[in-house]
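**Student:** Have a look; sequence and predicted model below, questions after that.
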Amino acid sequence: MDQKKLQFFKKRLFEERDRIVASLTHHEVEIESATSSRSAEFEEASRLDKDREYISGLLTMDTEELADINESLKRIDEGTYGKCVDCGNDIPEPRLEAMPSSLRCLDCQKLNEDRQDFTEESPVAPII
Ligand SMILES: [Zn+2]
(Lines give C-alpha, C1' and ligand atoms only; values in the text may rest on other atoms or scores of the structure.)
Protein backbone atom coordinates (compact mmCIF):
# COMPACT_ATOMS: atom_id res chain seq x y z
CA MET A 1 0.00 0.00 0.00
CA ASP A 2 1.45 3.41 -0.88
CA GLN A 3 2.26 6.08 1.70
CA LYS A 4 -0.57 8.35 0.61
CA LYS A 5 -3.14 5.62 1.21
CA LEU A 6 -1.56 4.74 4.55
CA GLN A 7 -1.71 8.36 5.68
CA PHE A 8 -5.34 8.48 4.63
CA PHE A 9 -6.22 5.41 6.72
CA LYS A 10 -4.12 6.65 9.62
CA LYS A 11 -6.10 9.89 9.66
CA ARG A 12 -9.39 7.95 9.52
CA LEU A 13 -8.24 5.73 12.40
CA PHE A 14 -7.29 8.71 14.56
CA GLU A 15 -10.67 10.32 13.89
CA GLU A 16 -12.43 7.09 14.76
CA ARG A 17 -10.38 6.77 17.94
CA ASP A 18 -11.29 10.31 19.03
CA ARG A 19 -14.95 9.54 18.43
CA ILE A 20 -14.83 6.37 20.54
CA VAL A 21 -12.84 7.97 23.35
CA ALA A 22 -15.45 10.75 23.50
CA SER A 23 -18.26 8.22 23.54
CA LEU A 24 -16.54 6.14 26.25
CA THR A 25 -16.15 9.21 28.44
CA HIS A 26 -19.81 10.01 27.88
CA HIS A 27 -20.96 6.49 28.87
CA GLU A 28 -18.70 6.46 31.91
CA VAL A 29 -20.35 9.64 33.14
CA GLU A 30 -23.75 7.99 32.64
CA ILE A 31 -22.70 4.93 34.64
CA GLU A 32 -21.42 7.13 37.44
CA SER A 33 -24.64 9.12 37.63
CA ALA A 34 -26.65 5.88 37.60
CA THR A 35 -24.50 4.49 40.40
CA SER A 36 -24.76 7.61 42.52
CA SER A 37 -28.59 7.40 42.57
CA ARG A 38 -28.41 4.18 44.58
CA SER A 39 -30.83 5.44 47.22
CA ALA A 40 -33.67 5.52 44.67
CA GLU A 41 -36.89 3.52 45.16
CA PHE A 42 -36.69 -0.17 44.33
CA GLU A 43 -38.36 0.04 40.89
CA GLU A 44 -36.24 3.00 40.02
CA ALA A 45 -33.13 1.13 41.13
CA SER A 46 -33.91 -1.90 38.98
CA ARG A 47 -34.48 0.34 35.98
CA LEU A 48 -31.12 1.91 36.65
CA ASP A 49 -29.57 -1.54 36.80
CA LYS A 50 -30.94 -2.23 33.33
CA ASP A 51 -29.59 1.10 32.10
CA ARG A 52 -26.21 0.29 33.54
CA GLU A 53 -26.22 -3.12 31.87
CA TYR A 54 -27.07 -1.52 28.55
CA ILE A 55 -24.37 1.10 28.92
CA SER A 56 -21.83 -1.53 29.95
CA GLY A 57 -22.66 -3.40 26.74
CA LEU A 58 -21.95 -0.27 24.74
CA LEU A 59 -18.73 0.23 26.68
CA THR A 60 -17.56 -3.30 25.83
CA MET A 61 -18.27 -2.74 22.14
CA ASP A 62 -16.42 0.58 22.16
CA THR A 63 -13.50 -0.90 24.06
CA GLU A 64 -13.19 -3.76 21.56
CA GLU A 65 -13.27 -1.38 18.63
CA LEU A 66 -10.69 0.81 20.32
CA ALA A 67 -8.40 -2.22 20.66
CA ASP A 68 -8.80 -2.94 16.91
CA ILE A 69 -8.01 0.68 16.08
CA ASN A 70 -4.87 0.68 18.24
CA GLU A 71 -3.81 -2.59 16.62
CA SER A 72 -4.39 -1.09 13.15
CA LEU A 73 -2.31 1.99 14.01
CA LYS A 74 0.47 -0.26 15.28
CA ARG A 75 0.32 -2.22 12.03
CA ILE A 76 0.59 0.97 9.98
CA ASP A 77 3.83 1.75 11.83
CA GLU A 78 5.07 -1.81 11.36
CA GLY A 79 4.17 -1.76 7.67
CA THR A 80 1.75 -4.68 7.91
CA TYR A 81 -1.48 -2.68 7.73
CA GLY A 82 -3.97 -4.00 5.19
CA LYS A 83 -2.87 -7.62 5.60
CA CYS A 84 -5.22 -10.07 7.23
CA VAL A 85 -3.95 -11.04 10.72
CA ASP A 86 -5.09 -14.62 10.19
CA CYS A 87 -4.21 -15.61 6.61
CA GLY A 88 -1.85 -12.77 5.62
CA ASN A 89 -3.75 -11.96 2.41
CA ASP A 90 -4.43 -8.35 1.45
CA ILE A 91 -7.67 -6.99 2.87
CA PRO A 92 -9.61 -5.40 -0.05
CA GLU A 93 -9.33 -1.61 0.06
CA PRO A 94 -13.09 -0.98 -0.14
CA ARG A 95 -13.39 -3.00 3.06
CA LEU A 96 -10.72 -0.88 4.74
CA GLU A 97 -12.40 2.27 3.50
CA ALA A 98 -15.71 1.17 5.01
CA MET A 99 -14.01 0.14 8.25
CA PRO A 100 -10.38 1.21 8.62
CA SER A 101 -9.96 -0.88 11.76
CA SER A 102 -10.60 -4.17 9.90
CA LEU A 103 -7.90 -6.62 10.88
CA ARG A 104 -9.16 -9.57 8.86
CA CYS A 105 -10.28 -10.29 5.31
CA LEU A 106 -13.97 -11.11 4.89
CA ASP A 107 -13.46 -14.88 4.95
CA CYS A 108 -11.43 -14.87 8.15
CA GLN A 109 -13.76 -12.33 9.77
CA LYS A 110 -16.68 -14.64 9.06
CA LEU A 111 -14.86 -17.65 10.48
CA ASN A 112 -13.96 -15.61 13.53
CA GLU A 113 -17.54 -14.49 14.10
CA ASP A 114 -18.88 -18.01 13.64
CA ARG A 115 -16.46 -19.22 16.27
CA GLN A 116 -17.60 -16.51 18.67
CA ASP A 117 -21.27 -17.31 18.04
CA PHE A 118 -20.55 -20.94 18.70
CA THR A 119 -18.84 -20.20 22.01
CA GLU A 120 -21.63 -17.90 23.13
CA GLU A 121 -24.43 -20.29 22.20
CA SER A 122 -22.97 -23.54 23.44
CA PRO A 123 -24.35 -24.23 26.91
CA VAL A 124 -21.92 -24.77 29.70
CA ALA A 125 -22.09 -28.43 30.66
CA PRO A 126 -22.69 -28.88 34.39
CA ILE A 127 -19.81 -30.55 36.17
CA ILE A 128 -21.16 -33.44 38.22
ZN1 LIG B 1 -7.79 -13.72 6.04
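**Tutor:** Done, it's in.

**Student:** Pull the number of nearby residues for Gly88.
**Tutor:** When neighbours are defined as other C-beta atoms under 10 Å, Gly88 has 10 of them. All C-beta atoms are positioned from the backbone trio N, CA, C, and that covers glycine.

**Student:** The one 3 residues further on now?
**Tutor:** Burial measure for Ile91: 22 neighbouring residues, criterion other C-beta under 10 Å.

**Student:** Can you get me a residue count around the closest residue to it other than its chain neighbours?
**Tutor:** Spatially, and ignoring its direct neighbours in sequence, Ile91 is nearest to Cys105 (5.1 Å; C-beta to C-beta, 6 or more residues apart in numbering). Other residues lying near Cys105 total 20 when counted by other C-beta under 10 Å.

**Student:** Model confidence score at Cys105, please.
**Tutor:** Per-residue confidence (pLDDT) for Cys105: 96.

**Student:** That one and the ion, how far apart?
**Tutor:** Distance of Cys105 to the ion, computed by C-beta to the ion, to the nearest Å: 4 Å.

**Student:** quick one, phi psi at that residue?
**Tutor:** Per-residue torsions, Cys105: phi -70, psi 170 (degrees, to the nearest 10).
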